[in-house]
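Enquirer: take this sequence and fold it.
(one chain, ligands or ions: 3)
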Amino acid sequence: MDISRLEKLSESAWRLSPRDGMRAPAIIYAAETLVSEMDDKVLEQIANVAKLPGVARAAYAMPDAHWGYGFPIGGVAAFDADEGGVVSAGGVGFDVSCGVRTHLTGLTPDQIHAVQDDLAAALYEHIPVGLGAEGELRLDDQEMTAMLSGGARWAVERGFGREEDLLRIEERGRAVDADPAEVSEFARKRQRREMGTLGSGNHYLEVQEVVDIFDPVVAEGYGLKRGECVVTIHCGSRGLGHQIGTEFLREMAVSAPALGIALPDRELACAPIKSDLGRRYLGAMRSAINCALANREIIGHLTRQVFARFFQHGELPLMFDVSHNTCKVERHAVDGGTRDLYVHRKGATRAFGPGDERLPESLRAFGQPVLIGGSMGTGSFVLAGVTTSEERAFSSACHGAGRRMSRHAATRMWGGRQVVDDLRAQGIIVKSPSMRGVAEEAPGAYKDVGAVVDSAEASGLAKKVAFLRPMICVKG
Ligand SMILES: Nc1nc2c(ncn2[C@@H]2O[C@H](COP(=O)(O)OP(=O)(O)OP(=O)(O)O)[C@@H](O)[C@H]2O)c(=O)[nH]1
Ligand SMILES: [Mn+2]
Ligand SMILES: [Mn+2]
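Expert: Ligands and ions are numbered 1, 2, ... in the order given. Have a look, this model is predicted:
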């Protein structure tokens, strides 16, 4: 990206002042090297987001931003319903409520090493993974509706997971105001056999070792100890979320002129929050959030079952579960007052600071856990939300390292089998049904996650708590 067009606010914040129909500035949070490596398209996209009606304060790009469909991935923008604000299917993303959860195990790396191959095989066999993999559950229409309105709570009520997990999930495991009636027959059909499945591509289940602690107080508050292992699960709302995204994007693009919206980019399809279409999308999108929350809760349950076979206790308490493709109504400071805004985070994690009442009491003193994937070879981070993030980006932070190159480019650089062998030589066992998928996801296809989280910290979006190194990766 050509940074000469940007005003430098600090070492890790860059601003494009409003121009060409922008209603607000666009702000990118990242160190100069990361910004320069970003595609020009990121700036174009985030500037286009700032042109949408009712945009509040500014449109933001997180340090892991790369270009996506309409909104960049790593994009954050909030809209005010009373100012003609919009909701955008492209601002949430196709994998609605894709997210990450981390379970504590209390196990040492030696305990994992002793069974590493068998444990990897058992996880791979027990948790459905890959394109078209089916779960054991079959949902009839009534159960589907119950799941779509109940989220992780529905899963717990059906015996998949524990009551205490719910406190450790955003919104206590359930998006209220979901409207399953707005979820199409086809979206339901696609999901009927997909509950409790990991999916394909960049979705994963990892056993990781906590190798570094940056903030001992917060780490202890989260239950993270150096030299202990955790399990991290990354997946979303599977076929259902994708179908909802597809249907509403199309409808929003077609309906925009009639709803009085001039789209700066057809991919930025959106609808006024106060329109029938906007209301219907929100109802369907929240149902998809519940689908993702239920899905991760079931996968957490399946993981516990596997661990119980290998170790005395299969407790695996949930540390936290975050979603990074969402639109949520939150109160934020704007123009000297506070307002309810529709905050879109696409490839961005909510990051409430310490003391926020929306955090469970047990975590409130420490700020919200922000779970950041890196790659299956390098490692991942746990961050904590900080107070400054509210003013910087509506309490948001990055969600991963972000891709450095396209999937296609990655397959030209690496072979899947070679990646698996190289990682095995480093003590990391990768299990995947797709060697092409592994090549697409080669560690070198991602940016340096350390640089990304350093930028997040320097920008006041979140602070570093712990670094996790992979031992087992079950990959979609
Ligand atoms: N630990 C770990 N992290 C990974 C792995 N694969 C990907 N990641 C990271 O996870 C982050 C989040 O992934 P996604 O949310 O699926 O990424 P995305 O760019 O939003 O994906 P798309 O929506 O599919 O374009 C990525 O930016 C990577 O840094 C893996 O196997 N292990
Ligand atoms: Mn994701
Ligand atoms: Mn996803």
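
Enquirer: and stretch 295-315, how far out from the chain middle?
Expert: 22 Å (C-alpha atoms, centre = their mean, to the nearest Å).

Enquirer: what does stretch 418-428 give?
Expert: On C-alpha atoms, centre = their mean, the centre of stretch 418-428 falls 26 Å from that of its chain.

Enquirer: in that stretch, what counts as buried?
Expert: Neighbour-count burial for stretch 418-428 flags 419-420, 423, 428 (criterion: 16 or more other C-beta atoms under 10 Å). The C-beta positions use only the backbone N, C-alpha and C, and glycine is treated the same way.

Enquirer: now do the helices in the stretch 151-300 of the chain.
Expert: Under the criterion DSSP state H, counting those that start in this stretch, the stretch 151-300 of the chain contains helices at 185-191, 216-222, 238-255, 276-310.

Enquirer: possible to save those as JSON lines with mean pLDDT and mean neighbour count?
Expert: As requested, the helices of the stretch 151-300 of the chain are exported to JSON lines (pLDDT from 0 to 100; neighbours: other C-beta atoms under 10 Å):
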{"stretch": "helix 185-191", "mean pLDDT": "97", "mean neighbour count": "18"}
{"stretch": "helix 216-222", "mean pLDDT": "98", "mean neighbour count": "18"}
{"stretch": "helix 238-255", "mean pLDDT": "97", "mean neighbour count": "22"}
{"stretch": "helix 276-310", "mean pLDDT": "98", "mean neighbour count": "24"}
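
Enquirer: distance to ligand 1 added to those, as CSV?
Expert: Formatted as CSV, those follow (distance: least, C-beta to the nearest ligand atom, whole Å):
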stretch, distance to ligand 1
helix 185-191, 17
helix 216-222, 17
helix 238-255, 10
helix 276-310, 12
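
Enquirer: okay, these in CSV with distance to Ala24 next?
Expert: CSV is the format used below for the helices of the stretch 151-300 of the chain (distance: least, C-beta to C-beta, whole Å):
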stretch, distance to Ala24
helix 185-191, 33
helix 216-222, 33
helix 238-255, 21
helix 276-310, 20
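
Enquirer: before we move on, back to that, for the buried residues of stretch 418-428, which one is nearest ligand 3?
Expert: Among the buried residues of stretch 418-428, Val419 lies closest to ligand 3 (C-beta to the ion), at 20.2 Å.

Enquirer: just the element for the closest one, please.
Expert: Assessed by DSSP states H and E, Val419 sits inside helix 416-425.

Enquirer: elements contacting that helix?
Expert: Applying 3 or more C-beta pairs under 8 Å, 6 or more residues apart in numbering; DSSP states H and E, one finds that helix 416-425 contacts strand 429-431, helix 435-440.

Enquirer: tell me the most buried of the ones you listed?
Expert: Of the helices and strands packed on helix 416-425, the one with the most neighbours on average (mean count of other C-beta atoms under 10 Å) is strand 429-431, at a mean of 21.

Enquirer: what lies in contact with that one?
Expert: 116-117, 120-121, 123-124, 129, 376, 419-420, 423-424, 438, 471-475 (C-beta atoms under 8 Å, 6 or more residues apart in numbering).

Enquirer: how does it look with 7 Å?
Expert: 116-117, 120, 124, 376, 420, 423, 438, 472-475 (C-beta atoms under 7 Å, 6 or more residues apart in numbering).

Enquirer: likewise stretch 245-255?
Expert: 89-90, 93-94, 96, 184, 266, 269-271, 277, 281, 284.

Enquirer: by neighbour count, which of those residues wins?
Expert: Cys270 (33 neighbours; other C-beta atoms under 10 Å).

Enquirer: what sits against that residue?
Expert: 52, 86-88, 252, 261.

Enquirer: adjacent strands (with direction) for the lengthiest strand in the chain?
Expert: Longest strand in the chain, counting residues (DSSP state E): strand 462-475. Taking DSSP bridges as the criterion, strand 462-475 pairs within the sheet with strand 204-213 (antiparallel), strand 379-385 (antiparallel), strand 429-431 (parallel).

Enquirer: among these, which is nearest ligand 3?
Expert: The nearest among those, by C-beta to the ion, is strand 204-213 at 10.1 Å.

Enquirer: is ligand 1 contacted by the closest one?
Expert: Yes - Strand 204-213 lies within reach of ligand 1 by C-beta under 6 Å from any ligand atom, at 204, 206.

Enquirer: buried stuff in that strand?
Expert: Here strand 204-213 shows 204-210, 213 as buried, counting by 16+ other C-beta under 10 Å.

Enquirer: one more: stretch 70-89?
Expert: Neighbour-count burial for stretch 70-89 [16+ other C-beta under 10 Å]: 70-81, 84-89.

Enquirer: nearest to Arg172, out of the helices of the stretch 151-300 of the chain?
Expert: helix 276-310 (9.7 Å; C-beta to C-beta).

Enquirer: elements contacting that closest one?
Expert: Under the contact definition 3 or more C-beta pairs under 7 Å, 6 or more residues apart in numbering; DSSP states H and E, helix 276-310 sits against strand 86-88, strand 99-104, helix 116-126, helix 141-157, strand 229-235, helix 238-255, strand 270-272, strand 318-323.

Enquirer: what does the first one rub up against?
Expert: This points to strand 86-88. 52-54, 70-71, 79, 261, 268-273, 278, 281-282, 327, 342, 344.

Enquirer: recalculate using a threshold of 10 Å.
Expert: Defining contact as C-beta atoms under 10 Å, 6 or more residues apart in numbering, one finds that strand 86-88 is touched by 49, 52-55, 70-71, 77, 79-81, 248-249, 252, 256, 259, 261, 263, 267-275, 277-279, 281-282, 285, 327, 342, 344, 346.

Enquirer: tally of neighbours for Asp118?
Expert: By the criterion of other C-beta under 10 Å, Asp118 has 11 neighbours.

Enquirer: ligand 3 versus the closest residue to it other than its chain neighbours, what's the distance?
Expert: Closest residue in space to Asp118, ignoring its immediate chain neighbours: Phe310 at 7.4 Å, by C-beta to C-beta, 6 or more residues apart in numbering. For Phe310, the distance to ligand 3 equals 28 Å [C-beta to the ion, to the nearest Å].
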